[in-house]
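*Asks:* Here's a sequence, model it:
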Amino acid sequence: MVVRPRWPGTFLYWARCTDAELRADLTTSDGSQVPTGRAEDLAHLSRRARAKFTGLRVAVDLTATALVVPAAALVTAALH
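*Replies:* Reported below is the predicted structural model:
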């Protein structure tokens, strides 16, 4: 199965954050923040990663379905 993490500090988590939430999450312990341009780049990359993982999830689900259907057909044929 495809790993589907959404923990804080991951790309998939950041893809769902607003810009303000992302900058707050990236604030260091000394209070300094990443530049706005970097936060925007990270948000863009995070959203692209989310799209990629969505595609992977669909592919894995379709593959699992493609394996279950012939297996069910074999079981049904063996019972008759």
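
*Asks:* Flag the shaky bits of the chain, pLDDT-wise.
*Replies:* Within the chain, the stretches with pLDDT under 70 are 1-9.

*Asks:* can you do 50?
*Replies:* 1 (pLDDT under 50).

*Asks:* Longest helix in it, please.
*Replies:* When the chain is parsed with DSSP state H, its longest helix is helix 36-79.

*Asks:* on contacts alone, who are the packing partners of that one?
*Replies:* helix 11-15, helix 19-25 (3 or more CB pairs under 8 Å, 6 or more residues apart in numbering; DSSP states H and E). C-beta: built from backbone N, CA, C; applies to glycine.

*Asks:* Same list, those helices, but as a markdown table with distance to residue 34 and mean neighbour count please.
*Replies:* As requested, the helices and strands packed on helix 36-79 are arranged in a markdown table below (distance: least, CB to CB, whole Å; neighbours: other CB atoms under 10 Å):
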| stretch | distance to residue 34 | mean neighbour count |
| --- | --- | --- |
| helix 11-15 | 12 | 19 |
| helix 19-25 | 7 | 14 |
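
*Asks:* Would you mind saying which of those helices lies nearest residue 46?
*Replies:* Evaluated with CB to CB, the helices and strands packed on helix 36-79 place helix 11-15 nearest to residue 46, the distance being 4.0 Å.
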